[in-house]
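1. My questions are about this predicted structure, shown below with the sequence.
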Amino acid sequence: MINSKHSESIPISPILKSLEEDVQYVHFKKSRLIKISIYAILVAIAISFIAKFLVMLINVVTNISFYGSFDLNFHSPAGNHLGMWVIIVPAIGGILVGLMALYGSKAIRGHGIPEAMEQILVNQSKIKPSITFLKPISSAIAIGTGGPFGAEGPIIATGGALGSTFGQLLRITSSERKVILAAGATAGMSAIFGTPIAAVFLAIELLLFEFSPKAILPVALACITGAAGHHLLFEAGPVFPMQNLETPSNVALAVYSFIGILIGLLSLILTKAVYLIEDWFEKIPIHWMWWPALGGLAVGLIGYFYPHTLGVGYDNITSLLSGQVPLALVCSLFLFKFLSWAIALGSGTSGGTLAPLLTIGGAAGAIISTILLNLFPDIGISIPMGALIGMSAMFAGASRAYLTSITFALEATMQSHALLPLLGACTASYIVSFFLMENTIMTEKIARRGVVTPDSYEPDVLQKINVSQVMSKKNIKVNAGLSIQGIKEWLSANPVKESYLMVVNDRSELRGTLKLSDIYSGDYDSNLNVESISNKNNDTIKATDNLRSAVELMAHQDVEVLPVLSDKKVVGILSYRDIISSYKQHFDDNETATKHISLKRQRMKMVLKGKTMFKKGDVK
């Protein structure tokens, strides 16, 4: 059955279908890791230049829309002199984005990361090639006309689409294509912000859903390449410079952790509000193509009264981190940036979430820090540090990308003294989010479509268990010279659990596999030996191999059992039933609560030892 949600075409004829299925079974080897890494680096080089193009395109659209000039340099839309005409500028951008979504691809709507996650989880990491150019252009229009988004979401989506498209042109596995997709997406983030470590963690927490050398190494190389592209194509130094922070006291660390709890609660409200607004748009009785225009009107109206809510707003983040912004302006930025962004994102336009979350979180952190300092002047906290942990804790709570949030703040500001406050605040925010929110701002959309997102990255159980630990050893071998009548008599005397027997010679060397049902269902001469009716085309596995290798071999060869060899001799047989039983045992061991040390038993032992010692003393 074809899932129409993720498959948009059917084969025209069986011949064309056979041409499409140019497949080849590929077993992972270290040499392939080198090849995939090279592909990831090539994608990262390309996405670095695309990132520069996207930023320039946003600047051009911004300057044309708000200043009527063709200029590649950044100018904040907050300084425009359009008056009330500024209200319709974002609406015009929304109309253009709606038309591109209608006649180009609906996939350009949203902030990019959930869409990439969905394609990884349900569509073998296959993204439409058209997204590679439609996403940056639509995002440049949306942001350049005043949309309150950052460039990072679109470039992550564009990098993922580029990596996926490149992967679809190559004969690689879906797992390898996922790695190249993640490499392109995170290399784009690294190219925009110059934060390669945070980009690697983003891949692990939101895209790869695994931690293994074959996944991490290509992504890490791509992120390093993206960072080199940032240094080459953008300004050097931290993307959000701020004054040097002092080492906080223990009291200050406790206060910053408390602020993290408050920010975590705010992140819940923010996430719920975004999807509540999205639900409201779903109820509007007009075509979805017009929703971005309606959202744009709201953005323009808010921007008319509060111009600093318009556009990317990276300058707002830098201002918040300085700690010099008046409290009234910080409060207005917090409230109205949130409203503008939530309405625009809920309308389904094209944009990102990271920069708005950082702005809103930074403003919230600065507000809370200011209030606490007015109430308790000697608690040792600072407004810049409060803004920084607010930024990071907001992203940690809303996305639950815990490690990404911490490392991003460190790399983007180069403030090593912020490590402990960031750790405390992000941990607190993460705890609040984990216990009080089922889905995150990244996963709520795809969860509503029935897509389950992994929430843990445990090692593969099957890789930790050897074949020798679970294989069947008893009554699994019969001599090749035994007759069919003889095997029937032997089975009557020796009941077996397995459905197969290993046919061996006198040296226990494999001669074939015998399916027990064939003995009774086939019309064979009872004097035939069992080797003549056994299956000679047998794949084998070593006793020292792990169950992951066994499952892969079984699936590839479509067999139910595997002969197990040691020094070329049959020592056992492995079936699917053995593997499932082993997995169940592992599950029971990890889920069953047991107590291995009893304090009561230890006390009794000590009492008995004491009695024995005194008795020996009496004898003397």
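-> That came through fine.

2. Look up how far Leu301 lies from the residue nearest to Phe53 when sequence neighbours are not counted.
-> Nearest non-adjacent residue to Phe53, counting by C-beta to C-beta, 6 or more residues apart in numbering: Pro136, 7.2 Å away. Heads up, the C-betas are built off the backbone N, CA and C, glycines and all. Using C-beta to C-beta, to the nearest Å, Pro136 is found at 27 Å from Leu301.

3. Settle it for me: which of those two has more neighbours?
-> Per other C-beta atoms under 10 Å, whichever of Pro136 and Leu301 has more neighbours is Pro136, with 27 against 19.

4. For the helix or strand hosting that one, output the C-alpha coordinates as CSV.
-> Taking DSSP states H and E as the criterion, Pro136 maps to helix 131-144. The C-alpha trace of helix 131-144 is given here as CSV (Å, rounded to 0.1, in the frame of the first residue of the first chain):
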residue,chain,number,x,y,z
ILE,A,131,13.6,22.5,-2.0
THR,A,132,17.3,23.2,-2.5
PHE,A,133,16.5,26.5,-4.3
LEU,A,134,12.8,27.1,-3.3
LYS,A,135,13.6,27.2,0.5
PRO,A,136,16.3,29.8,0.5
ILE,A,137,14.5,32.1,-2.0
SER,A,138,11.1,31.8,-0.1
SER,A,139,12.9,32.4,3.2
ALA,A,140,14.8,35.4,1.8
ILE,A,141,11.5,36.9,0.7
ALA,A,142,9.8,36.2,4.0
ILE,A,143,12.6,37.5,6.2
GLY,A,144,13.6,40.3,3.9
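
5. The residue nearest to Phe53 contacts Leu54, correct?
-> Yes. If you go by C-beta atoms under 8 Å, Pro136 and Leu54 touch, sitting 4.6 Å apart.

6. so what sits against both of these two?
-> Residues touching both Pro136 and Leu54 (C-beta atoms under 8 Å, 6 or more residues apart in numbering): Pro154, Ile155, Thr158.

7. Dump those to TSV, plus secondary structure.
-> Converted to TSV, the shared contacts of Pro136 and Leu54 look like this (DSSP: H, G, I helix; E, B strand; the rest coil):
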residue	secondary structure
Pro154	helix
Ile155	helix
Thr158	helix
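
8. Mind checking which of the residues you listed are buried?
-> Neighbour counting with 16 or more other C-beta atoms under 10 Å marks Pro154, Ile155, Thr158 as buried within the shared contacts of Pro136 and Leu54.

9. contacting residues around the first one?
-> Each residue near Pro154 by C-beta under 8 Å, 6+ apart is listed here: Leu54, Gly112, Lys135, Pro136, Ser138, Ser139, Ala140, Ile143, Ser350, Gly351, Gly352.

10. okay, now the residue lying closest to Leu82 once chain neighbours are set aside: neighbour count?
-> Counting by C-beta to C-beta, 6+ apart, Phe66 is the residue found nearest to Leu82 once chain neighbours are left out, at 6.5 Å. Neighbour count of Phe66, defined by other C-beta under 10 Å: 26.
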